[in-house]
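Novice: what's the 3D shape of this:
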Amino acid sequence: MQTFTAPVSGDYKLEVWGAAGGRGGRKSTSHGPLGGYAIGYTILENSTSLYIYVGGKGEDAQDIAYTSTYIPLGGKGGYNGGGDGGNAPLNGYGAWFGYVRGGGGGGGATHIANIDKGILSNYSDFRNNILLVAGGGGGLTDSFHFSDMESSGGGESGGNGGFNQFYAGGTQDTGYAFGQGANALNEPTGNMDGVGEGDGGGGGGWYGGYACEVSKYANNGNGGGGSGHINTTLITNGYMQNGVREGNGYAIITWQQLP
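Specialist: Reported below is the predicted structural model:
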C-alpha cells in the first residue's frame, strides 16, 4: 500500500493499471492476458490522503512435465484479488505423454480510495470510498485450444475467458465476487481426448472474473478478466480501457497545475 497526501489544494489526475494474468505452464505466449486501465480527475484539498493498492501479476504455472510422482502446479493469483490457476490433472491421455501443465494465476486489480481498508475485497461495505479501479487480466490456460481467448482486465467489463458462463469476466454489477477473482478448479482427472490442461484463475477487479469450478467443463479456458470501475460522484471525465498492461499494475497521481 502507498499513501499519497496532496501537497496543495487543486485538481489531480488519477491513473491506474491492473496487473496481467499469468501464463499456462507451456508458456505458448509472451505474456498473459493484460490488465485494464482507468483515468479520471478529482479535486483534493491540501493534506488530503489517498490510499493506493497496486495489483500483482498472476504467477505463471510451472513448466515441469507431469510424472507419476509429480503434478505440475498452477500459478498463484496476483496481489489484490487474482484467483489461483488450476493444477494439471492426475491422469488422462495428455498426462500419460507428459505434456499437460497447470493454468496461470489471475492478475490483481489496482485501486485508489479515500479511506484505508486494505485490499479491494475489504471495501464491500465502503464502495463509495473507492475513486477508481483497473481490473486484472485472467490467467491463461495451458490448453493450445484457448491460448488466444480474450480475458483481459477491464474496463466496463473484463474479457471472457471461454465459451460459456463458467469463464465470464466481471461487470459493473456481477462477477465471481466483489474485489476477488475465482480460483480455478484443480481438476482431479484428465480424459482420453487429450484435454486436462489447467484452467486460468479469474482476474481481480470491481467484480472479479470467473474461473471454471465445475469438473465437467474444466480443462479448457482462461480465467475471466476483472472489471474496472469509476466512482462518478468523486471522479470527473473518467475513462476506462481493457487490456493495456503487462506485468504488475501501476498507479500515477498528477497535480494539474493551473495555467
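Novice: for the stretch 51-200 of the chain, just list every one of the helices.
Specialist: 93-96 (DSSP state H, counting those that start in this stretch).
Novice: okay, now the unreliable bits of it?
Specialist: 65-70, 89-100, 143-150, 163-165, 187-197 (pLDDT under 70).
Novice: run me through the strand neighbours of the helix or strand hosting Tyr37, direction for each.
Specialist: Assigned by DSSP states H and E, Tyr37 belongs to strand 35-44. Strand pairing for strand 35-44, determined by DSSP bridges: strand 10-17 (antiparallel), strand 236-245 (antiparallel).
Novice: can you say which of those is packed in most?
Specialist: Mean neighbours per residue, mean count of other CB atoms under 10 Å, is largest over the strands paired with strand 35-44 for strand 10-17, with a mean of 20. C-betas here are computed from N, CA, C, even on glycine.
Novice: with only the CA atoms kept, save it in CSV.
Specialist: Output of strand 10-17 as CSV, limited to C-alpha atoms (Å, rounded to 0.1, in the frame of the first residue of the first chain):
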residue,chain,number,x,y,z
GLY,A,10,-6.3,21.6,-6.6
ASP,A,11,-7.3,19.3,-9.4
TYR,A,12,-5.5,15.9,-9.7
LYS,A,13,-5.3,13.4,-12.4
LEU,A,14,-5.6,9.8,-11.2
GLU,A,15,-4.4,6.8,-13.4
VAL,A,16,-4.4,3.1,-12.5
TRP,A,17,-3.4,0.0,-14.4
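Novice: circling back to that earlier point, now the strand holding Tyr37: how far from the chain's centre is it?
Specialist: 18 Å (CA atoms, centre = their mean, to the nearest Å).
Novice: do stretch 103-115 as well
Specialist: On CA atoms, centre = their mean, the centre of stretch 103-115 falls 6 Å from the chain's centre.
Novice: which parts of it are buried?
Specialist: 103-114 (16 or more other CB atoms under 10 Å).
Novice: check stretch 23-37 too.
Specialist: 23-27, 31-37.
Novice: try stretch 168-178
Specialist: Taking 16+ other CB under 10 Å as the criterion, stretch 168-178 shows 168-171, 175-178 as buried.
Novice: mind listing residues that contact that stretch?
Specialist: The contact list for stretch 168-178 (CB atoms under 8 Å, 6 or more residues apart in numbering) reads 83, 120-121, 123-124, 127, 135, 138, 151, 154, 156-161, 181-182, 202-203, 205-211, 224-227, 229.
Novice: okay, and which of the residues you listed map to strands?
Specialist: Counted as lying in strands by DSSP state E, out of the contacts of stretch 168-178, are His229.
Novice: could you identify the buried members of the contacts of stretch 168-178?
Specialist: Looks like the contacts of stretch 168-178 have 83, 120-121, 123, 135, 138, 151, 154, 156-161, 181-182, 202-203, 205-211, 224-227, 229 buried, using 16+ other CB under 10 Å.
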